[in-house]
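K.L.:
fold the stuff below for me.
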Amino acid sequence: MIVTPADALYDEPISIRLDGLPASKHVVVRAVATDDLGHRWASHAEFVATSNGTIDLARIKPVAGSYDIADANGLLWSMTLDPAIVERTSFVKNNAEPVTVKLSAEIDGKNFGKIFDGAELTRRFLAKGIMQNTVTDDGLVATMFHHEDGPRPGVILLGGSGGGLSVEQPALLASRGYAVMSLGYFAMPGLPRDLMHIPLEYFGKAIAWMRKHRGVQREKIAVTGMSRGGELVLLLGATFPEIKAVVAYVPSGIIWPGIGAADAPVRSAWTLRGEQVPCIATTTNGLEVWQKSPVALTPWFLECLKNRESAERAAIAVEKINGPVLMFSGTDDQMWPSLNLADIAMQRLNALNFPHPHEHVAYAGAGHFIRFPYTPVISEIFHPVVKTPMALGGTPEANHIANLDSWRRCLQFLARHLK
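P.N.:
Numbers count the residues shown, from 1 in each chain. Predicted structure coming up:
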């Protein structure tokens, strides 16, 4: 088995080729990896060897398996979580250490080790020369990735309604030439427990901290976030002129209420100068969606949007953003209707003659979970805050395409407008 590159950054494509096979034999190639929870992820694909006894995974479609297109990287993005795990998750990374993927092959159900010994892939998030530090200054809860060899454009990365902070995506983004702060804002020690009444001043502190950091070019700071974090970065861009670019994944152009205890009053997720940032009024219509598992919330959000007057009052003043805007959505988003919600922001930008470049890219058939290339795709997750299985939507192939293309566009966007 010839695999190249065997050791590379996570977003780099691979090639896999098998030689010396019996002609026209069915061969099953398998991939296995373990996440930081110790959970097993696996994929497989069955091929028919050519008359020359070769299989090139980039050129031949599998006849069966966990994906069905010609793609050597299919074994990476089609890996699925062990079905015995009840609480479904993404491929969890609690640190920026590499992921090891083990490859093997079988003929007629037997290990094919007599001809080759399989292969092992090392998929890295951190390039050489990047420093990782914990940030606790001024009440911030964050992880910072910066370069040893001098300042780079800065990016603040924000998660969604699951709380906490991520490490793999910010580390990978730093490896592509940026100083990246992964910033927590709730559901972590020292931070609010719930996504409720989060002061925007907290994020102002993070921006100020970044502008003083020796590894950051102070006049080149962007923000990026996903889901509620996508809503948040649009709001931050409209609030803080120091932000020069916004990348929003499956975002909302309007403000939604916070998420807290079931008996808590409906309140905005965000405050500014001690006052609630106006949020849309919600409805009890459509709440039967919670009776099904996994819960698909998009119909309920669409019900809420029927209150146009409330939606207009809660609209983010995206025209105040001091730089270009890039948004991504999935047409099969089952968590919330990101296609519609991003369009609200896009229509406002167009109507008010926004002077900076702005684009909304919608991925046909993709769901809510859009991240970076070759990470295992998922369409359902056990939500860590509401403690319920939630539908994310999207087909595996469409979600993979969204991950691949959005990452390419994000890097191009940041390079064009920050570098």
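K.L.:
the lengthiest strand in the chain pairs with which strands, parallel or anti?
P.N.:
Of all the elements of type strand in the chain, the one with the most residues (DSSP state E) is strand 216-226. Here strand 216-226 is paired, per DSSP bridges, with strand 152-158 (parallel), strand 245-249 (parallel).
K.L.:
how close does residue 306 get to residue 300?
P.N.:
Using Cβ to Cβ, to the nearest Å, residue 306 is found at 11 Å from residue 300. All C-beta atoms are positioned from the backbone trio N, CA, C, and that covers glycine.
K.L.:
pLDDT weak spots in the stretch 201-350 of the chain?
P.N.:
Within the stretch 201-350 of the chain, the segments meeting pLDDT under 70 span 261-265.
K.L.:
ditto for the stretch 51-200 of the chain
P.N.:
109-117.
K.L.:
the same query, at a cut-off of 80, please.
P.N.:
108-118 (pLDDT under 80).
K.L.:
about what we covered before: from the chain's centre, how far out does the longest strand of the chain sit?
P.N.:
Using Cα atoms, centre = their mean, to the nearest Å, the distance from the centre of strand 216-226 to the centre of the chain it belongs to is 17 Å.
K.L.:
so what does the longest helix along the chain touch, helix or strand wise?
P.N.:
When secondary structure is assigned using DSSP state H, the longest helix within the chain turns out to be helix 396-418. Of the remaining helices and strands, those touching helix 396-418 by 3 or more Cβ pairs under 8 Å, 6 or more residues apart in numbering; DSSP states H and E are helix 74-77, strand 152-158, strand 216-226, strand 245-249, strand 325-330, strand 358-363.
K.L.:
run a quick neighbour tally on the closest residue to residue 151 other than its chain neighbours.
P.N.:
Nearest-residue entry for residue 151: residue 217, 4.8 Å, with adjacent residues in sequence omitted and distances by Cβ to Cβ, 6 or more residues apart in numbering. Applying other Cβ atoms under 10 Å, we find 18 residues neighbouring residue 217.
K.L.:
who are the contact partners of residue 217?
P.N.:
151, 152, 153, 154, 179 (Cβ atoms under 8 Å, 6 or more residues apart in numbering).
K.L.:
for stretch 3-18, list the C-alpha coordinates in PDB.
P.N.:
As requested, the backbone C-alpha atoms of stretch 3-18 are provided in PDB (Å, rounded to 0.1, in the frame of the first residue of the first chain):
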ATOM      1  CA  VAL A   3       0.100   6.300   0.800                       C
ATOM      2  CA  THR A   4       1.300   9.900   0.300                       C
ATOM      3  CA  PRO A   5       1.800  12.000   2.200                       C
ATOM      4  CA  ALA A   6       1.900   9.700   5.200                       C
ATOM      5  CA  ASP A   7       2.600  12.600   7.500                       C
ATOM      6  CA  ALA A   8       0.900  15.900   6.800                       C
ATOM      7  CA  LEU A   9      -1.400  18.700   8.000                       C
ATOM      8  CA  TYR A  10      -5.000  17.500   8.400                       C
ATOM      9  CA  ASP A  11      -6.400  19.600   5.500                       C
ATOM     10  CA  GLU A  12      -3.900  18.100   2.900                       C
ATOM     11  CA  PRO A  13      -5.300  15.500   0.500                       C
ATOM     12  CA  ILE A  14      -3.800  12.000   0.300                       C
ATOM     13  CA  SER A  15      -3.400   9.400  -2.300                       C
ATOM     14  CA  ILE A  16      -3.700   5.700  -1.800                       C
ATOM     15  CA  ARG A  17      -2.600   3.000  -4.200                       C
ATOM     16  CA  LEU A  18      -2.400  -0.800  -4.000                       C
END
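K.L.:
now that stretch: mean pLDDT?
P.N.:
Per-region confidence: stretch 3-18 scores 96 on mean pLDDT.
K.L.:
now that stretch: buried residues?
P.N.:
Residues of stretch 3-18 classed as buried under the neighbour-count rule (16 or more other Cβ atoms under 10 Å) are 3, 9, 10, 11, 14, 16, 18.
K.L.:
which residue ranges form the helices in the stretch 151-300 of the chain?
P.N.:
Assigned by DSSP state H, counting those that start in this stretch, the stretch 151-300 of the chain shows helices spanning 168-175, 200-212, 228-239, 298-305.
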